[in-house]
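>>> pasting the structure only:
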C-alpha cells in the first residue's frame with residue numbers, strides 16, 4: 001500500500017508545474033508594467049524639469065525685457081532732451097548770427113508811450129516798421145547853434161560883363177544880396193615861427209651907473225615839455241583822439257603824417273608819467289565828490305593790457321566804472337574780484353548808506369557784505385528782464401508767457417515815471433504830496449502783484465517738475481522766476497528811494513565808448529597807459545556830462561600845466577571841474593549843444 005506522501009508527490013509536482021505555467025505570463029506582464037511605469041515616471045520627471053527650466057528662462061527673459069523697455073524709455077527721454085537742447089542751441093546760434101546786424105531787443109522799443117524805459121512795446125518781439133528820420137506829427141529839431149564856430153566871409157561877384165544891359169549898355173544897380181553858409185573843416189599842420197624882437201637902450205644912463213645896457217624882449221611862451229617843438233594843439237589832439245575816442249596810436253600817427261606832420265609814437269607816448277602827475281589830483285577830487293552821492297551806478301568790462309602778455313601773464317584786465325549824478329570814475333584793474341570793486345567803491349557810504357545800482361555779479365554782493373552799513377544793492381531790472389527775453393529767444397513756444405511778464409515789468413517803469421513826475425527831491429518820502437503818495441501806492445501794488453505772480457508760477461512749475469522723471473530737463477521758466485524772487489530785496493530798493501534808477505543802463509552807456517574803443521585799439525600797452533586811460537576817461541566823461549568843450553578845457557588846463565612845470569600840479573584841482581569852476585570859466589568852456597550822446601539810449 002502506497003503511502004499518502006507517495007501518492008501525493010507526483011500530483012503536487014504536476015500541480016506545481018501547471019501553476020508555474022500559469023504564472024509565467026503574469027510575471028512578464030507585471031515586469032513590463034513596472035518597466036513602463038518607471039519609464040513614464042522618469043519621463044514625467046524630466047518633463048517637469050524641462051518645464052521648470054523653461055519657466056526660469058521665461059522669467060529671466062521677462063525681467064530682461066522689462067529692463068530693456070525701461071532703458072528704451074530713458075533713452076527716449078534723453079533723445080527728447082537732446083532735441084530740445086539742440087533746438088535751443090539752434091535758436092541761440094541764429095540769434096548770435098543775427099545780433100551783429102539786427103537791432104537787439106534790449107535796445108529796440110525800450111521806451112513806453114510815456115517815454116519811460118521798458119514800456120509794453122519793449123516786451124514784444126515784433127518790431128513795427130517805421131521810416132527813418134522825422135516822423136509825421138513829431139517835434140521838429142531846433143536849429144543848430146553854431147555861434148562857437150569862427151566865420152570867414154567871402155564875396156562872390158558875378159562876371160563884369162553880366163552886370164549891364166545887353167541893349168543899351170547901362171550898368172545894373174545893386175539890389176540886395178543873398179547869404180548862404182557852408183561849414184568847412186581844414187586840418188593842416190603848420191610851424192609857428194615865433195619872432196621876439198629885442199630892444200636895447202641907446203642912452204648912457206646905464207653906463208654912467210656902471211651897468212650893462214638894458215634889453216627888453218617878450219617872454220617866451222612856456223612849452224608843455226621842454227626840448228620838444230610840439231605845441232599844445234598836438235598834445236590836446238593826442239589826448240582826445242587816443243584816450244577819449246580810442247584811436248590807435250599808429251592810426252593817429254599815419255593820419256597826421258598825411259597832413260604833413262610827422263609825430264613819432266615813441267615821442268608821444270614817452271610823457272605818460274607826466275600826464276599822470278597832472279591828472280591824478282583831478283581824479284582825487286572826483287572821488288571826494290562821489291563820496292557825497294546818495295546813489296551810484298557800478299559796472300565793469302574787460303580790458304587788455306599787452307605788457308602782461310609779454311611777461312607771460314594773463315593780459316586780460318577789467319575796466320570798472322562808478323557813475324554818480326554829476327561825476328564818473330574809471331579804473332583799470334587786473335581782477336574782477338570784490339577786492340577790485342572795493343578799490344573803486346570802498347570809500348563810498350562812510351558817512352551815509354549809498355545805493356549801488358548794479359547787476360547780480362557776486363563781487364558786489366561780497367562788497368556789501370564786507371562793508372556792512374555802507375551799501376544797499378539795487379539790482380538792475382533790465383538784467384532781470386533780459387532773462388525772460390532770452391527764454392523767448394530760445395523757446396518761441398513760450399513767447400506769449402514771456403510777453404505777459406515783460407508787460408508787467410513795463411508797467412513798473414510807467415508807474416515809477418508817474419511817481420517821479422510828482423516827486424519833490426527836497427522832501428522826504430513821508431512829506432511828499434498826495435499825488436505822489438497815490439502814485440507810490442499804485443507802484444507798490446504793481447510790484448507786489450508781480451512778485452506774488454512769480455511765487456505762484458514757481459510753486460506750480462516746481463510741483464510739475466516733481467512729477468517728471470529726474471532725467472527730464474528743467475523748465476526754462478523756472479530759472480528767471482527764482483532769480484527774481486531771490487533778488488527781491490535788491491529789486492525793491494527803488495521803492496523806498498525814488499532817486500534810485502530801476503536799471504543800470506546809465507553805467508552801461510558810460511562803458512559804451514570805452515568798449516567801442518577797445519575793439520579799435522585792443523586795449524592798452526603798458527600799466528601806466530592803462531592807469532592814464534582810467535584817469536582821462538574819468539575827467540573827460542565828467543566834463544562831458546556838464547557840456548564842457550574838451551578842446552577849450554584842455555587848452556586852458558595844459559596851458560597852466562606848461563607854466564607850473566612837469567613835476568608840479570595845479571594849485572586848485574577842484575577849480576577845473578564843473579562843480580568847482582567859477583561862473584565865468586564855466587560859461588566860457590561850455591558848448592551850446594550841451595552834453596554829447598554816445599548813441600541811442602538802450
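Thanks, I have it. Computed from a predicted structure; not experimentally measured. Numbering: from 1, shown residues only.

>>> contacts, neighbours, all on C-alpha from now
Noted.

>>> Please, where are all the helices along the stretch 251-400 of the chain?
265-268, 272-290, 306-310, 338-345, 362-370, 381-394, 399-421 (DSSP state H, counting those that start in this stretch).

>>> Please name the residues that touch residue 475.
461, 465 (Cα atoms under 8 Å, 6 or more residues apart in numbering).

>>> Now residue 503. Its backbone dihedrals?
phi -130, psi 170 (degrees, to the nearest 10).

>>> can you check the one 5 residues further on too?
According to degrees, to the nearest 10, the main-chain angles of residue 508 amount to phi -70, psi -40.

>>> nearest spatial neighbour of it, skipping sequence neighbours?
In this structure, residue 508 finds its nearest non-sequential neighbour in residue 299, 7.0 Å apart by Cα to Cα, 6 or more residues apart in numbering.

>>> Test for you: state the pLDDT assigned to that neighbour.
Looking at residue 299, its pLDDT stands at 94.

>>> same question, residue 484
Residue 484 is given a pLDDT of 94.

>>> Over to residue 22?
For residue 22, pLDDT reads 54.

>>> cool, and the one 10 residues further on?
At residue 32, the model reports a pLDDT of 84.

>>> count of residues packed around it?
12 (other Cα atoms under 10 Å).

>>> One more: residue 505?
21.

>>> picking that back up, hang on, isn't the residue nearest to residue 508 packed against residue 360?
No: using Cα atoms under 8 Å, residue 299 is not in contact with residue 360, being 10.5 Å away.

>>> Which one's more surrounded, those two?
residue 299 (23 against 17).

>>> Now for that one: which residues touch it?
Counted by Cα under 8 Å, 6+ apart, residue 299 has contacts 320-322, 358-359, 507-508.

>>> what are the bridge partners for it, then?
residue 321 (DSSP bridges).

>>> what's the distance between it and residue 356?
10 Å (Cα to Cα, to the nearest Å).

>>> Quick check: which element contains residue 442?
Under the criterion of DSSP states H and E, residue 442 resides in helix 434-466.

>>> Check which helices and strands whatever helix or strand comes next after that helix is in contact with.
For helix 434-466, the following helix or strand on the C-terminal side (DSSP H and E) is helix 478-486. Helix 478-486 sits against helix 381-394, helix 434-466, with contacts defined as 3 or more Cα pairs under 8 Å, 6 or more residues apart in numbering; DSSP states H and E.

>>> Can you give me the buried ones in helix 478-486?
With burial defined by 16 or more other Cα atoms under 10 Å, the residues of helix 478-486 counted as buried are 478, 480-481, 484.

>>> Could you dump those residues into CSV with distance to residue 72 added?
Shown next, in CSV, are the buried residues of helix 478-486 (distance: Cα to Cα, whole Å):
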residue, distance to residue 72
478, 28
480, 33
481, 33
484, 38
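
>>> Pull the most distant pair out of the residues you listed.
478 and 484 (10.1 Å; Cα to Cα).

>>> Please report how far the residue nearest in space to the middle of the chain lies from residue 342.
Centroid check for the chain by Cα atoms, centre = their mean gives residue 508 as the closest residue, at 6.2 Å. Between residue 508 and residue 342 the computed distance is 19 Å (Cα to Cα).

>>> Could you list the low-pLDDT ranges of the stretch 501-602 of the chain?
Applying pLDDT under 70 to the stretch 501-602 of the chain flags residues 592-602.

>>> Strands along the chain, start to end?
Per DSSP state E, the chain carries strands over the ranges 198-200, 215-217, 295-304, 316-323, 328-333, 354-358, 375-379.

>>> So which of those strands is the most surrounded?
The highest mean neighbour count among the strands of the chain, using mean count of other Cα atoms under 10 Å, belongs to strand 354-358: a mean of 27.

>>> Report all helices and strands that it contacts.
Going by 3+ Cα pairs under 8 Å, 6+ apart, strand 354-358 lies up against strand 295-304, strand 375-379.

>>> angle of it against strand 295-304?
Computed by axes from the mean of the first three to the mean of the last three Cα atoms, to 10 degrees, the angle separating strand 354-358 from strand 295-304 equals 40 degrees.

>>> how about residue 279, what does it touch?
Contacts of residue 279 by Cα under 8 Å, 6+ apart are 535-536.

>>> What score does it have for pLDDT?
For residue 279, pLDDT reads 92.

>>> How about residue 408: what's its closest non-neighbour residue?
Going by Cα to Cα, 6+ apart, residue 408 has residue 450 as its nearest residue, at 6.8 Å.

>>> roughly how far apart are residue 382 and residue 296?
According to Cα to Cα, residue 382 stands 16 Å off from residue 296.

>>> what about residue 447, neighbour count?
Neighbours of residue 447 (other Cα under 10 Å): 21.

>>> same question, residue 403
Residue 403 - counted by other Cα under 10 Å - has 20 other residues nearby.

>>> what would the helices and strands packed on strand 354-358 look like in a markdown table with distance to residue 175?
Listed next are the helices and strands packed on strand 354-358 as a markdown table, based on distance: least, Cα to Cα, whole Å:
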| stretch | distance to residue 175 |
| --- | --- |
| strand 295-304 | 62 |
| strand 375-379 | 68 |
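
>>> quick one, which of these is nearest to residue 562?
strand 295-304 (31.5 Å).

>>> As a check, name the ranges of all helices in the stretch 101-250 of the chain.
Under DSSP H, counting those that start in this stretch, the stretch 101-250 of the chain gives helices at 205-208, 232-238, 249-258.

>>> Could you list the low-pLDDT ranges of this structure?
1-25, 98-130, 141, 144, 146-148, 592-602.

>>> Counting residues, which helix of it comes out longest?
Longest helix in the chain, counting residues (DSSP state H): helix 4-98.

>>> tell me which strands and helices that one is in contact with?
Helix 4-98 packs on helix 381-394, going by 3+ Cα pairs under 8 Å, 6+ apart.

>>> Go ahead and name everything in contact with the helix it packs on.
In contact with helix 381-394 (Cα under 8 Å, 6+ apart) are residues 87-89, 91-92, 95, 105-106, 123, 359, 398-399, 402, 405-406, 409, 476-477, 480, 483-484, 491, 502-505.

>>> Any idea how far it is from the middle of the chain?
Using Cα atoms, centre = their mean, to the nearest Å, the mean C-alpha position of helix 381-394 is found 13 Å from that of the whole chain.

>>> what inclination does it have with respect to helix 478-486?
Using the same axes, to 10 degrees: helix 381-394 against helix 478-486 is 170 degrees.

>>> by how many degrees do helix 381-394 and helix 4-98 diverge?
120 degrees.

>>> Next, the buried residues of the helix holding residue 442.
Neighbour-count burial for helix 434-466 [16+ other Cα under 10 Å]: 436-437, 439-440, 442-444, 446-447, 450, 454-455, 457-458, 461, 465.

>>> Leaving out the residues flanking it, which one is nearest to residue 477?
In this structure, residue 477 finds its nearest non-sequential neighbour in residue 391, 7.1 Å apart by Cα to Cα, 6+ apart.

>>> how many neighbours does the one you found have?
20.

>>> likewise residue 509?
Counted with other Cα under 10 Å, residue 509 comes out at 17.

>>> Then residue 92?
16.

>>> Excluding sequence neighbours, find me the nearest residue to it.
Per Cα to Cα, 6+ apart, closest to residue 92 is residue 394, 6.2 Å.

>>> contacts for stretch 415-427?
In contact with stretch 415-427 (Cα under 8 Å, 6+ apart) are residues 116, 432-433, 435-436, 439-440, 442-443, 498-499.

>>> and which of these is nearest to residue 550?
residue 499 (29.1 Å).

>>> contacting residues around that closest one?
295, 425.

>>> Could you report the distance from it to residue 493?
Residue 499 is 10 Å from residue 493, by Cα to Cα.

>>> go on, residue 393?
Distance from residue 393 to residue 493, by Cα to Cα: 29 Å.

>>> Alright, that wraps it up for me.
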